[in-house]
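Novice: Sequence plus the predicted model coming up.
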Amino acid sequence: MSHDRFVLDQNRCILCTRCVRVCAQVEGAHVWDVSARGIHSMVVCDMNRPWGASKNCTNCGKCVQVCPTGALAEKGFAVEEMVKQDARVTRLATRRGGRS
């Protein structure tokens, strides 16, 4: 939660290393890496520094876009942070003939 735009949830990470590869090969920033081995493996930022303290991160969001599980997510769009907008749902239901 140290980054001002994005969040990292290690519990959702499946170690696919897509974030590591896109950051290194596409963006060229080399921010992400895999730390430890076996069941202790985890994706870390800048040699295990907080993501918000990273000097190499360009805030491009490419790592967030390629993450298949939502382990890397934009603040406000993660499941637990999602703001429910009931007015939109009610309006759509009314248009489709449902109850309001």
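Specialist: Received the coordinates, thanks.

Novice: hey, let's count contacts and neighbours off CA atoms from now on
Specialist: Will do.

Novice: If the most centrally placed residue in the chain is in a bridge, with which residues?
Specialist: Centroid-nearest residue in the chain: residue 72, 1.6 Å away (criterion: Cα atoms, centre = their mean). With DSSP bridges as the criterion, residue 72 is bridged to residue 8.

Novice: Is it correct that it is in contact with residue 64?
Specialist: Yes: under the criterion of Cα atoms under 8 Å, residue 72 makes contact with residue 64 at 5.0 Å.

Novice: any common contacting residues for the two?
Specialist: By Cα atoms under 8 Å, 6 or more residues apart in numbering, residue 72 and residue 64 have these common neighbours: residue 6.

Novice: Tell me which residues are up against stretch 63-78.
Specialist: Against stretch 63-78 from outside (Cα under 8 Å, 6+ apart): 5-14, 18-20, 22-23, 81-83.

Novice: cool, and stretch 25-42?
Specialist: 10, 13, 15, 17, 19-20, 23-24, 43-48, 54, 56-58, 62.

Novice: Can you flag the buried ones in these?
Specialist: The neighbour-count criterion (16 or more other Cα atoms under 10 Å) marks 13, 17, 19, 20, 23, 43, 44, 45, 46, 54, 57 among these as buried.

Novice: how about stretch 58-68: buried residues?
Specialist: 61, 63, 64, 66, 67.

Novice: start to end distance for that stretch?
Specialist: Start-to-end span of stretch 58-68 (Cα to Cα, to the nearest Å) is 21 Å.

Novice: try stretch 18-36
Specialist: 17 Å.

Novice: Give me the distance from it to the chain's centre.
Specialist: Its chain's C-alpha centre and that of stretch 18-36 lie 14 Å apart, by Cα atoms, centre = their mean, to the nearest Å.

Novice: change the start of the numbering to 251 and stick with it
Specialist: Understood, numbering begins at 251; the last thing we discussed is stretch 268-286.

Novice: Please spell out the PyMOL selection for the buried subset of the contacts of stretch 313-328.
Specialist: Command for PyMOL, covering only those of the contacts of stretch 313-328 found buried under the criterion 16+ other Cα under 10 Å:
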select buried, resi 256+257+258+263+268+269+270+272+273
